[in-house]
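A.B. asks: no sequence on this one, just coordinates:
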């Protein structure tokens, strides 16, 4: 990153010197422009961005690859909606019946499970509905067993550990981006780190960045501010380059 930045600075400074801008001397006597060095703090930011991005992408790729090897068990029969379930729970908030497994309605949709666990269904006990209470308890017990079987299947191939690594890498990278947002600087090299972080979040794709800019302009609120910030990052990268970028 620093090489293209300093080359451009040197070219701009040399051009200004050649024109006598701000030098107070004849162009022929202008001294060669000094190339400013990248500060140690900015070098550390560059290295941290490259490291965190690499760790995040590697962890994401590993989690995706391991997830393909997980063999999840089929849902237990107790989770499928039975004809009598609607009549048992007809006086309670009706759960969502839209999600299906194997073409059949089932009770395993997370929203549905929350319905079964909420206060309205707890009142079944007080209403003296033994059949409804028994069916509810059967469903919840089946869900707990199935979730435990899912977890065991994930543990068996290392997916749980891979997901933990991804979560840690994601959290660390997010914390770094928050630091960049809160950081104020007039150093072009440090500003390039901010721009690189934006481009990295767009999968390092100019097309993706342009798409986000276009989507921001379609919003009613905050459109121009967001689009301008994204376009500034895009143009900053195009101006100063990415030669120091470390790909994962």
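C.D. replies: That came through, no problem. All values derive from a computational prediction rather than experimental measurement. Numbering: from 1, shown residues only.

A.B. asks: so what does residue 105 look like in phi/psi?
C.D. replies: Per-residue torsions, residue 105: phi -60, psi 150 (degrees, to the nearest 10).

A.B. asks: for it, give its distance to residue 141.
C.D. replies: Computed with Cβ to Cβ, to the nearest Å, the distance linking residue 105 and residue 141 is 19 Å. (Each C-beta comes from the backbone N, C-alpha and C, glycine too.)

A.B. asks: for the helix or strand harbouring residue 233, name the packing helices and strands.
C.D. replies: Remark: residue 233 resides in helix 223-240, with elements defined by DSSP states H and E. Here helix 223-240 touches helix 2-19, helix 188-201, helix 206-218, going by 3 or more Cβ pairs under 8 Å, 6 or more residues apart in numbering; DSSP states H and E.

A.B. asks: which ones are touching residue 214?
C.D. replies: Not one residue lies near residue 214 by Cβ atoms under 8 Å, 6 or more residues apart in numbering.

A.B. asks: report the buried residues of the host helix or strand of residue 50.
C.D. replies: Applying DSSP H and E as the criterion places residue 50 in helix 40-67. By neighbour count with 16 or more other Cβ atoms under 10 Å, helix 40-67 contains the buried residues 42-43, 45-46, 48-50, 52-53, 55-57, 59-60, 62-63, 66.

A.B. asks: quick one: mean pLDDT over the helix holding residue 233.
C.D. replies: Averaged across helix 223-240, pLDDT comes to 75.

A.B. asks: which SSE is the residue nearest the centre of the chain in?
C.D. replies: Nearest to the mean C-alpha position of the chain, by Cα atoms, centre = their mean, lies residue 170 at 7.2 Å. Remark: residue 170 resides in helix 159-182, with elements defined by DSSP H and E.

A.B. asks: any buried residues in that helix, and which?
C.D. replies: Those would be 159-160, 162-163, 165-166, 169-170, 172-173, 176-177, 180, for helix 159-182 by 16+ other Cβ under 10 Å.

A.B. asks: could you give the angle of that helix to helix 40-67?
C.D. replies: 150 degrees (axes from the mean of the first three to the mean of the last three Cα atoms, to 10 degrees).

A.B. asks: which other residues reach the next helix or strand after the helix holding residue 50?
C.D. replies: Later in the chain than helix 40-67, the nearest helix or strand by DSSP H and E is helix 85-88. Residues from elsewhere that reach helix 85-88 (Cβ under 8 Å, 6+ apart): 94, 107, 129, 131, 132, 135.

A.B. asks: is it true that the fifth one touches residue 89?
C.D. replies: Just to be clear, that refers to residue 132. Yes: taking Cβ atoms under 8 Å as the definition, residue 132 is a contact partner of residue 89 at 6.1 Å.

A.B. asks: for residue 153, see how far away the closest residue to residue 67 other than its chain neighbours is.
C.D. replies: Excluding its sequence neighbours, the residue lying closest to residue 67 (Cβ to Cβ, 6 or more residues apart in numbering) is residue 159, at 5.6 Å. Separation of residue 159 from residue 153 (Cβ to Cβ): 8 Å.

A.B. asks: great, nothing more from me.
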